[in-house]
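# Below are the sequence and a predicted model for it; my questions follow.
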Amino acid sequence: MEYFGVLAGLLYLLLEIKQHRAMWVVGVISSLVYVYVFFVSKVYASMGLNMYNVLISVYGFWQWSLQRRRPDGEVVSRGTVVYRHIGLKTAAVVLSIIGLIYFLIYYVLKVHTDSPVPDVDALVTSISIVATWMLARRIIEHWIFWIMADALSVYMYYTLALYPTMLLYLCYTALAFAGYYMWKKKGVKTDDNAL
């Protein structure tokens, strides 16, 4: 199951870089596989994150199905990469939400579970929840959050001896850099605000 999840996860990321909305369907499949893998491994926050990913994938698919426009109002074709930037106010809210989610998840994991990595699992999960929402809204800075979450995940899965998943997240980290570069270089900035 873990190997299948790795393959589905790589396909998801490649579709994300190209902004192909089929990524959301692949994301549902990959997330369901990892709900099982993380449950067996006692990585409960990451398991919960994947349950969240199933739901946010529906929202993302809907958001990515809407018409997109250039700053001049012209409709952008489906094959064009579009993005928006996060504002300072939204960035402050996002960081506050990450902190709040982290403390809530950490408390639950530390007090109510047998998680071997409650601190890292809570941090990865809190960053990932917000980064996925940012992706659904096409906020380019989501790539920066993914770089942080993916790098932390490499460490976490190494300590848990989930080596195929660790390699997947090592690829995710490298591809997040590539994704940011591609969106920035080939993308079209939209005129709508992040929130």
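Done, it's in. Note that this is a predicted model, so its numbers are computed, not measured.
# Checking Val37 next. Helix, strand or coil?
Following DSSP: H, G, I helix; E, B strand; the rest coil, we place Val37 in the helix state.
# Disregarding residues adjacent in the polypeptide, which is nearest to it?
Glu2 (5.1 Å; Cβ to Cβ, 6 or more residues apart in numbering). The way it works is simple: take the backbone N, C-alpha and C, and place the C-beta from them, glycine included.
# Wait, that neighbour touches Val40, no?
No. Because the distance of 9.1 Å does not satisfy Cβ atoms under 8 Å, Glu2 is recorded as not touching Val40.
# quick one on the thing from earlier: tell me the pLDDT of the residue nearest to Val37.
pLDDT for Glu2: 86.
# How about Arg68?
Note for Arg68: predicted pLDDT of 67.
# try the one 3 residues further on
Predicted confidence (pLDDT) at Pro71: the value is 61.
# Phi and psi next, for Arg84.
Per-residue torsions, Arg84: phi -140, psi 160 (degrees, to the nearest 10).
# Return the residues in contact with the residue positioned nearest the centre of the chain.
In the chain, the centroid-proximal residue (Cα atoms, centre = their mean) is Thr132; its distance is 4.0 Å. Neighbour list for Thr132: Tyr52, Asn53, Ile56, Gly60, His142 [criterion: Cβ atoms under 8 Å, 6 or more residues apart in numbering].
# Tell me if I am right that it is in a strand.
No. Counting by three-state DSSP, Thr132 falls outside a strand, being helix.
# what about it, distance to Tyr163?
25 Å (Cβ to Cβ, to the nearest Å).
# Counting neighbours, which of the contacts of Thr132 comes out on top?
The most crowded member of the contacts of Thr132, judged by other Cβ atoms under 10 Å, is His142 (25 neighbours).
# residue contacts, that residue?
Contacts for His142 (Cβ under 8 Å, 6+ apart) come out as Ala131, Thr132, Met134, Leu135.
# if you set the cut-off to 6 Å instead, what comes out?
Contacts for His142 (Cβ atoms under 6 Å, 6 or more residues apart in numbering) come out as Ala131, Met134, Leu135.
# neighbour count winner among Glu2 and Val40?
Using other Cβ under 10 Å as the criterion, Glu2 and Val40 rank with Glu2 on top: 17 against 12.
# wait, that one sits on Met166?
No. Applying Cβ atoms under 6 Å, one finds Glu2 not in contact with Met166, separated by 10.5 Å.
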